[in-house]
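Enquirer: curious how this folds, go ahead:
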Amino acid sequence: MNILWFLIIGIAAGWIAGQIMKGSGFGVIGDLIVGAIGGLLGGYLFGLLGINFGGLLGELITAVIGAVVLIALIRLIKRA
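Expert: I've put the predicted structure just below:
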(Lines give C-alpha, C1' and ligand atoms only; values in the text may rest on other atoms or scores of the structure.)
Protein backbone atom coordinates (compact mmCIF):
# COMPACT_ATOMS: atom_id res chain seq x y z
CA MET A 1 0.00 0.00 0.00
CA ASN A 2 2.92 2.37 0.66
CA ILE A 3 4.06 2.12 -2.97
CA LEU A 4 0.56 3.08 -4.11
CA TRP A 5 0.60 6.21 -1.93
CA PHE A 6 4.09 7.01 -3.19
CA LEU A 7 2.82 6.83 -6.79
CA ILE A 8 -0.29 8.90 -6.09
CA ILE A 9 1.71 11.57 -4.25
CA GLY A 10 4.34 11.53 -7.02
CA ILE A 11 1.77 12.08 -9.77
CA ALA A 12 -0.01 14.81 -7.80
CA ALA A 13 3.24 16.55 -6.86
CA GLY A 14 4.56 16.43 -10.43
CA TRP A 15 1.31 17.85 -11.79
CA ILE A 16 1.12 20.61 -9.15
CA ALA A 17 4.77 21.53 -9.73
CA GLY A 18 4.12 21.68 -13.49
CA GLN A 19 1.24 24.06 -12.86
CA ILE A 20 3.34 26.24 -10.56
CA MET A 21 6.24 26.38 -13.00
CA LYS A 22 3.93 27.05 -16.00
CA GLY A 23 5.71 24.57 -18.23
CA SER A 24 4.62 22.43 -21.11
CA GLY A 25 4.14 19.47 -18.76
CA PHE A 26 5.75 16.06 -18.85
CA GLY A 27 2.71 13.78 -19.25
CA VAL A 28 1.50 11.32 -16.63
CA ILE A 29 4.68 9.21 -16.58
CA GLY A 30 6.90 12.30 -16.62
CA ASP A 31 4.88 13.88 -13.80
CA LEU A 32 5.24 10.67 -11.80
CA ILE A 33 9.01 10.66 -12.30
CA VAL A 34 9.38 14.37 -11.53
CA GLY A 35 7.14 14.04 -8.47
CA ALA A 36 8.94 10.95 -7.16
CA ILE A 37 12.40 12.43 -7.65
CA GLY A 38 11.11 15.73 -6.29
CA GLY A 39 9.84 13.95 -3.19
CA LEU A 40 13.25 12.42 -2.61
CA LEU A 41 14.98 15.75 -3.30
CA GLY A 42 12.58 17.66 -1.06
CA GLY A 43 12.98 15.13 1.74
CA TYR A 44 16.76 15.36 1.45
CA LEU A 45 16.81 19.17 1.42
CA PHE A 46 14.37 19.49 4.32
CA GLY A 47 16.34 16.83 6.20
CA LEU A 48 19.47 18.94 5.87
CA LEU A 49 17.58 21.91 7.28
CA GLY A 50 16.08 19.85 10.11
CA ILE A 51 12.51 20.39 8.88
CA ASN A 52 10.05 17.50 9.00
CA PHE A 53 6.47 17.66 7.72
CA GLY A 54 4.24 14.90 8.99
CA GLY A 55 1.30 13.17 7.42
CA LEU A 56 0.02 12.86 3.90
CA LEU A 57 -0.30 16.61 3.33
CA GLY A 58 3.24 17.17 4.60
CA GLU A 59 4.58 14.54 2.22
CA LEU A 60 2.73 16.18 -0.67
CA ILE A 61 4.09 19.63 0.22
CA THR A 62 7.63 18.24 0.48
CA ALA A 63 7.30 16.47 -2.88
CA VAL A 64 5.87 19.56 -4.60
CA ILE A 65 8.66 21.80 -3.33
CA GLY A 66 11.25 19.23 -4.35
CA ALA A 67 9.64 18.86 -7.79
CA VAL A 68 9.62 22.65 -8.29
CA VAL A 69 13.33 22.75 -7.44
CA LEU A 70 13.95 19.84 -9.82
CA ILE A 71 12.06 21.50 -12.70
CA ALA A 72 13.98 24.73 -12.11
CA LEU A 73 17.27 22.80 -12.25
CA ILE A 74 16.22 20.98 -15.43
CA ARG A 75 15.33 24.28 -17.11
CA LEU A 76 18.61 25.83 -16.00
CA ILE A 77 20.57 22.93 -17.46
CA LYS A 78 18.60 23.04 -20.74
CA ARG A 79 19.44 26.74 -21.19
CA ALA A 80 23.17 26.15 -20.78
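Enquirer: C-alpha only now, for contacts and for neighbours.
Expert: OK.
Enquirer: pLDDT of stretch 63-80, averaged?
Expert: Stretch 63-80 shows an average pLDDT of 87 in the prediction.
Enquirer: residues in contact with that stretch?
Expert: For stretch 63-80, the external contacting residues (Cα atoms under 8 Å, 6 or more residues apart in numbering) are 9-10, 13-14, 16-18, 20-21, 34-43.
Enquirer: please flag which of the residues you listed sit within strands.
Expert: For the contacts of stretch 63-80, not one is inside strands, with DSSP state E as the criterion.
Enquirer: please check these and keep the buried ones.
Expert: By neighbour count, with 16 or more other Cα atoms under 10 Å, these hold 9-10, 13-14, 16-18, 34-43 as buried.
Enquirer: list the buried residues in the longest helix along the chain.
Expert: Criterion DSSP state H: the longest helix present in the chain is helix 55-79. Neighbour-count burial for helix 55-79, with 16+ other Cα under 10 Å as criterion, is recorded at 59-71.
Enquirer: how far is it from where the chain is centred?
Expert: 4 Å (Cα atoms, centre = their mean, to the nearest Å).
Enquirer: equivalent analysis for stretch 11-31, please.
Expert: For stretch 11-31 - counting by Cα atoms, centre = their mean - the centre lies 9 Å from the chain centre.
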